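Engineer: Build me a model:
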Amino acid sequence: MVASDGWQVLRFSYDDVKDKPRMCIQMPQQFIGARMGLVKVDEVSVDKILEAKILKYARQLGRPVRPIDVERYPQIGEKRTKAILLRMLANQKLSNTLGFLDRLLWQLS
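Structural biologist: Residues are numbered from 1 along each chain as shown. Okay, here's the model as predicted:
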């Protein structure tokens with residue numbers, strides 16, 4: 001009914017609000033920015049923003065980064081963390097120091 005009136009609904013579970021508050025704040029901001037022409041979704045993806053945050057965090061740590069470090073820092077899930085880290089590895093933004101996925105240590109390239 002609301003959608004037929006031109007409204008769009010962003011849904012968040014209780015667990016998302018409790019466990020990932022930053023994501024719950026960023027999503028409406030990005031949604032509003034995209035609708036007002038401030039940010040085009042095609043130009044800036046959420047994953048690229050997360051990659052930049054991960055690189056900054058890795059520099060701050062001063063040691064190889066573990067997937068669990070990345071998962072906890074921006075509060076993203078394990079599956080998404082691995083996907084982002086693998087993409088960063090493919091783009092040579094990070095290098096894998098051990099060579100297997102579950103016990104990876106990542107460092108800046």
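Engineer: From the chain's centroid, how far away is the helix or strand hosting I54?
Structural biologist: Using DSSP states H and E, I54 maps to helix 46-61. Chain-centre distance of helix 46-61: 9 Å, with Cα atoms, centre = their mean, to the nearest Å.
Engineer: Counting by contacts, list what the helix or strand following it packs against.
Structural biologist: Next helix or strand after helix 46-61 toward the C-terminus (DSSP H and E): helix 67-72. The elements that helix 67-72 packs onto, with contact taken as 3 or more Cβ pairs under 8 Å, 6 or more residues apart in numbering; DSSP states H and E, are helix 46-61, helix 78-90. C-betas here are computed from N, CA, C, even on glycine.
Engineer: possible to save these as CSV with distance to Q29, mean pLDDT and mean neighbour count?
Structural biologist: Output for the helices and strands packed on helix 67-72, formatted as CSV (distance: least, Cβ to Cβ, whole Å; pLDDT from 0 to 100; neighbours: other Cβ atoms under 10 Å):
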stretch, distance to Q29, mean pLDDT, mean neighbour count
helix 46-61, 11, 83, 15
helix 78-90, 19, 83, 16
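Engineer: closest one to P21 among those helices?
Structural biologist: helix 46-61 (15.3 Å; Cβ to Cβ).
Engineer: and the angle from that closest one to helix 78-90?
Structural biologist: If you take axes from the mean of the first three to the mean of the last three Cα atoms, to 10 degrees, helix 46-61 sits at 80 degrees to helix 78-90.
Engineer: Mind exporting the C-alpha coordinates of helix 46-61 to CSV?
Structural biologist: Taking Å, rounded to 0.1, in the frame of the first residue of the first chain, the C-alpha atoms of helix 46-61 are listed here in CSV:
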residue,chain,number,x,y,z
VAL,A,46,29.3,0.7,-0.4
ASP,A,47,32.0,-1.9,-1.0
LYS,A,48,34.5,0.8,-2.3
ILE,A,49,33.8,2.8,0.9
LEU,A,50,34.4,-0.3,3.0
GLU,A,51,37.7,-1.0,1.1
ALA,A,52,38.9,2.4,1.9
LYS,A,53,38.0,2.0,5.5
ILE,A,54,39.8,-1.4,5.6
LEU,A,55,42.9,0.0,4.1
LYS,A,56,42.9,2.9,6.6
TYR,A,57,42.4,0.4,9.4
ALA,A,58,45.2,-1.9,8.2
ARG,A,59,47.6,1.1,8.2
GLN,A,60,46.6,2.0,11.7
LEU,A,61,47.1,-1.5,13.1
